[in-house]
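Undergrad: Quick one, fold the following:
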Amino acid sequence: MARYIGPKTKIARKFGQAIYGEDKYFERRKFPPGQHGPNKRRGAKRSEYAVQLAEKQKAKYTYGILERQFANLFDKAQRSKGITGEVLLQLCESRLDNVVYRFGLSKTRAGARQLVSHKHITVNGEVVNIPSYLLKAGDVVAVREKSKSLQVIKDALDARRAYDWLIWNDEKQSGEYKVVPERIQIPEDIKEQLIVELYSK
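TA: Below you'll find the model as predicted:
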């Protein structure tokens, strides 16, 4: 199963944002990686294409999606009604691994992807082990009965955040994907219009 497994702090430093969540190493070194360190001047003047490409790469790394899958999501967004960039982010947010992360069942998207792949998660009562599975409004995501005692899930739930488009039942360890979030509700700092411009070239 294809996924990025390289150094995450290096990627965060490249974009100047902790895109993988809290990172003590990134906090110490917020400048781009490389032998010249914080005095590195390359990149002060980037072309329009470079800026657009960097934004696409940032979105891919944030959601843990590789190139072909991301391009397929863009094609789907382009064919859908609505603003292409916003629909693209909504599709990314609708992925099962992302929703598991948003529910607080894992502290990272990579961890959420693993929970899904290892069959710890159900959708509408059925086990689904495909991280890219796209949820629809009204779908119910739950922790499988055998997996409710997992310590990693308990630890993650202790630090969970609430989101307007999700309803979580702590007692049942299940939640409803109530509605597709509006762009203003999605907290990720991604300039989706740049991604649309890049793919439109």
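Undergrad: So which residue is dead centre in this protein?
TA: Y63 (2.8 Å; C-alpha atoms, centre = their mean).
Undergrad: Run through the residues that contact the residue nearest to it when sequence neighbours are not counted.
TA: Nearest non-adjacent residue to Y63, counting by C-beta to C-beta, 6 or more residues apart in numbering: C92, 4.6 Å away. C-beta here means a position set from N, CA and C on the backbone, and glycine is covered the same way. Contacts for C92 (C-beta atoms under 8 Å, 6 or more residues apart in numbering) come out as A59, Y63, I65, L73, N98.
Undergrad: do you know how far C92 is from T84?
TA: 13 Å (C-beta to C-beta, to the nearest Å).
Undergrad: Please apply the same query to D164.
TA: 23 Å.
Undergrad: quick one, which of these two is more surrounded?
TA: T84 (18 against 10; other C-beta atoms under 10 Å).
Undergrad: ok, the more buried one to V196 distance?
TA: For T84 relative to V196 (C-beta to C-beta), the value is 5 Å.
Undergrad: just to revisit the earlier point, restricted to buried residues, select the contacts of C92 in PyMOL.
TA: Burial among the contacts of C92 is assessed by 16 or more other C-beta atoms under 10 Å; the matching PyMOL selection reads:
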select buried, resi 59+63+65+73+98
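Undergrad: neighbours around E182, how many?
TA: E182: 11 surrounding residues under other C-beta under 10 Å.
Undergrad: Just read off the phi/psi values of it.
TA: Backbone torsions of E182, given as degrees, to the nearest 10, read phi -80, psi 160.
Undergrad: Bridged to the nearest residue to T122 once chain neighbours are set aside, which residues?
TA: Nearest residue to T122 in three dimensions, chain neighbours excluded: A142, at 5.0 Å (C-beta to C-beta, 6+ apart). Per DSSP bridges, the residues bridged to A142 are T122, S174.
Undergrad: pLDDT score assigned to A142?
TA: Predicted confidence (pLDDT) for A142: 96.
Undergrad: Longest helix of the protein, counting residues only.
TA: Counting residues, the longest helix in the chain under DSSP state H turns out to be helix 48-63.
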